[in-house]
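> Following is a predicted model, sequence given first.
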Amino acid sequence: MKGASDLRYLLARAVAVEQRVRRAVEARRATDPDPDDAFRGLYLTEENVARLLDEEGSRSFPPLDEQPLESPSDSRLTSLAEEFALTALDVEILLIALVPDLDDRFEAFYGYLNDDVTRRRPSVGLALGLCGSTPADQAARARLAARSPLRAGGLLLVEDLDRPFLSRALRVPDRVAAHLLGDDTPDPRLADLLAPWRAVPGVGDPAPLAGVLSAGVRLAYLSEDQGGAGTALAASALTLAGRGVLGVDLARLAEDPSPADAVRALVREARLTNAGLVCAPLDAVFREHPHLLRLLTSTPVPTILVGRAPWDASWSTSPPLLLHAPRVEPSARGALWTDAYKQWSPAPLPPGIDADRLLAPFLLTPEQVTGAAHSAAQTARLSGGVLTPEHVRQGARAQNAAGLDRLARRIEPTVTWDDLVLPPDTHAQLRELTARARHRDRVLGEWGMRPGGGRGRGVSALFAGDSGTGKTMSAEVIAADLGLDLYTVDLATVIDKYVGETEKNLERIFTEAAGVNGVLLFDEADAIFGKRSDVKDAHDRYANVESAYLLQRMESFDGLAILATNLRANLDDAFTRRLDLVIDFPLPDPPQRLQLWERCLGPLLPRGTDLDLDFCASNFELAGGNIRSIAVTSAYLAAETGGAVTMTTLIHAIQREYQKLGRLTLASEFGPYLGLVQG
C-alpha cells in the first residue's frame, strides 16, 4: 500500500538522521572538556545518552540496513519536495526538525547537543552542523531565511526569534508532520473557513476551464447571477484537471482575526493535497477587504474566485481568466434535488412530487438545491415521513438570506386563488403572471428568448386600482402559488430627503432581494416610480436622475417585482413599457360584492336572521378592503353585545366606514335602513 511505503521511506530517512545524531553525540562526548561536571546530571547524564543510543530504533525505527534510501517517485516526501521546490539540503533540515515528532528519544538527543535540557528541538546551528554545513555558510543559512521555500511555504517554523539566529529552534507544524505520515485531515486552523463545495455533474461544461488550468493558468474569475453554478463549475474543472478542491468561504475569511495567516494556511493545505482554491462569494470582501483579494490572487496554486461583482483590475497584479458561470437550469435542478433527497431520506420519493415544477420559481445554486433537499427530508420526517409539495417549497425557502428582512416586511402567504374575488380577465392576467415567474428560466434561458441590453430574467408587473380592490392580496396569492415569501417594501426605509440616498436605499433592497427567492411588492409605488418632468430647478434634475436609475435597476433585476399603485396615471411611461404586465383592479360589481360580503363575514360568525346581504351588495359601492373592515367592525360590535351580527350592527359598521372614507350618508344608498343610522 502507498501509505505503508510512504511511512517506511520516511522512517528510513529518520534512521539516517539518527546516525548523524549518534556521530554528533559521540564527538561531543569525546571533546567534552568537563565530563565530570557536578551539574551535568541535572539535565542529562552520559549514561542516559549512552542508553538511548544503544536502543537503536527499538522504540519506533526499524534497523537501517532493512530500509532502502532511494526516494520512491510517488512518496509524500518526494512529492512535497517537488511541489515546494526543496533542495536536498532543505529536505535534510526538514527531517532533522521532524524526527522529534516521530520518536521522543530525539528530544533527549537534541537537549544534550544543545546543552540545555529545556531545548528539545534542533537549533538552526545544530541542524546546519548535522547536515555538514558550517554556521558561517551563507548559502546554507539562506535555506532558513524568511523567504526560503521551507519557511515561506509553511513547512518549517523558526521559533525563539529573540535569540541569535543560530540558537533559534526549528519545528515542523503539526499539519505538515501529519501529512507526511499519511493523514489528509485539514488543518484545524481552517475548520471555520472551509466550504463543502464539490463537483456537480450536468451543470455547465467544465472542460474548457479544466484545460487551461492543466496548461498552467493560476487565476480565474467566474462571474455569476442569482442561482449561478460558479462554485460547482469551478470544483468540476479542478476535479477534471486532476486536482482536489479546497472551498473557501470568503465571508468567514473576512471575519477571521488574522486573515493573512489564514490565507497562508490555506495555500499550504492546497499545496500539500494537490488541490486548487475555490473562493466565494467575492462580493463579501471586495468592498471592505480588497487586501484579501490581493493575497488570494498571488498564490502559487490554482485559484478560482466566484462572485457577482464585475472584476476590478486592481485586485490582482496579473489578469485572471474571466468567465461567466451558468445557472442551474430547470431541467437539471429537479434531478439534482432528487439525487440529494435520496441521500438524506431512506423513504422513496412519492409519485406525486414533481421537483422540476415545484422548484421552477426558485433561483438556487447547486449547494442551495442540496440544502433544500436536506431541509425537505428533515421536515418530512418530523411530519411523519411523507413528503409533500409544501415540504419541498419550504426547504427551498429555507435557503433564503435574511438581509432583506431588515429592509422589507416578510409575509408568509396564507391565501389561495379561491379567496380572490376579481373579474375573469383580471384573474386570467394574474395566472399569466404566475406562469411567467414559474417558467422564466426555461423561456429566457434554455429557449434563448432573453433580450439584450443587460436585461435580467426578472418578471415585473403593475397592479393598478383603487385602495382595497385586492392588489396586495393578489400578490400574496401569487407568492403562495409559487411557494415563495412575499416581501412588502416599507417606503419609510426607502424615501430620503437627501440627494442620492433614496437610490442607495433602493439598491440595498434590490441587492438583498437578489439573494432571496421571493416576491417583491412595492406598495404605493407611484411615490417612488414617479413621472419624469421638464427640468426647471435642481429638484427636478435630481428627481429625474432617481427615476432614470430605477428604470435601469428594474431591467437588471432577476426576481419577481410587483408595483402597486392607486394612481396609474402618475407612473412614467418608460416604466410601463418595461413592465411585463399591467393589471387593472376595478371596483367589484354587485355580484362580486355579494361574494365578498359572504366571505368576509365567514362561516363562524353568528348571523342574525334579518341580515340582508343582497341589499348591501346592491346599494353600497365598496371595495373588498372596505367590506372586510366593515365585517370586522360588525364582529366586534356583536362580541360586545354578546349576540349575533344583525342588520343594525352591520349598518352601524357601514356608517363608521363611511365616516373614515369621508362619504355622506345618503338616503338613496341606505334606503329603508336609514333609520338605523345613528346620529
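Good, I have the coordinates. These numbers come from a predicted model, not from an experiment.
> Strands of the stretch 501-650 of the chain, start to end?
Listed in chain order, the strands of the stretch 501-650 of the chain (DSSP state E, counting those that start in this stretch) span residues 518-522, 560-565, 581-585.
> which parts of the longest one are buried?
Think strand 560-565. Neighbour counts over strand 560-565 (16 or more other CB atoms under 10 Å) mark Leu560, Ala561, Ile562, Leu563, Ala564, Thr565 as buried. C-betas here are computed from N, CA, C, even on glycine.
> what's the pLDDT at Ser71?
Per-residue confidence (pLDDT) for Ser71: 55.
> same deal with Pro451?
61.
> Same question for the one 4 residues further on.
At Arg455, the predicted lDDT confidence score is 65.
> Show me which of the buried residues of strand 560-565 is closest to Ala232.
The shortest approach to Ala232 among those belongs to Leu560, at 24.7 Å (CB to CB).
> Am I right that that closest one is in contact with Leu520?
Yes - counting by CB atoms under 8 Å, Leu560 touches Leu520, with 6.8 Å between them.
> on that earlier part again, export the strands of the stretch 501-650 of the chain to a markdown table and tack on distance to Ala376 and mean pLDDT?
Converted to a markdown table, the strands of the stretch 501-650 of the chain look like this (distance: least, CB to CB, whole Å; pLDDT from 0 to 100):
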| stretch | distance to Ala376 | mean pLDDT |
| --- | --- | --- |
| strand 518-522 | 18 | 88 |
| strand 560-565 | 22 | 86 |
| strand 581-585 | 31 | 91 |
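> can these go into a markdown table with extra columns for distance to Glu503?
Shown next, in a markdown table, are the strands of the stretch 501-650 of the chain (distance: least, CB to CB, whole Å):
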| stretch | distance to Glu503 |
| --- | --- |
| strand 518-522 | 14 |
| strand 560-565 | 16 |
| strand 581-585 | 24 |
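> so which of those gets nearest Ala27?
Taking the strands of the stretch 501-650 of the chain one by one with CB to CB, strand 518-522 is closest: 76.9 Å.
> buried stuff in the closest one?
Using 16+ other CB under 10 Å as the test for burial, strand 518-522 gives Gly518, Val519, Leu520, Leu521, Phe522.
> same deal with stretch 285-296?
Those would be Val285, Phe286, His289, Leu292, Leu293, Leu295, Leu296, for stretch 285-296 by 16+ other CB under 10 Å.
> Pull up the distance across it, start to finish.
11 Å (CA to CA, to the nearest Å).
> List of residues touching it?
248, 250-251, 253-254, 259-260, 263, 277, 279, 282, 303, 305, 307, 309, 312, 314-317 (CB atoms under 8 Å, 6 or more residues apart in numbering).
> Show the contacting residues for the closest residue to Cys616 other than its chain neighbours.
Nearest non-adjacent residue to Cys616, counting by CB to CB, 6 or more residues apart in numbering: Trp597, 5.7 Å away. Applying CB under 8 Å, 6+ apart, we find Trp597 in contact with Leu613, Cys616, Ala617, Ile627, Ala631.
> what about Trp597, distance to Leu209?
The gap separating Trp597 from Leu209 is 63 Å, by CB to CB, to the nearest Å.
> swap in His289?
For His289 relative to Leu209 (CB to CB), the value is 26 Å.
> do the same with Leu89
Distance from Leu89 to Leu209, by CB to CB: 38 Å.
> Those two - which one has more neighbours?
Neighbour count, other CB atoms under 10 Å: between Leu89 and Leu209, Leu209 has more, with 25 against 19.
> Make sure that one is actually in contact with Gly230.
No - Leu209 is beyond contact range of Gly230, at 10.8 Å (criterion: CB under 8 Å).
> Please consider this matter closed, and thank you.
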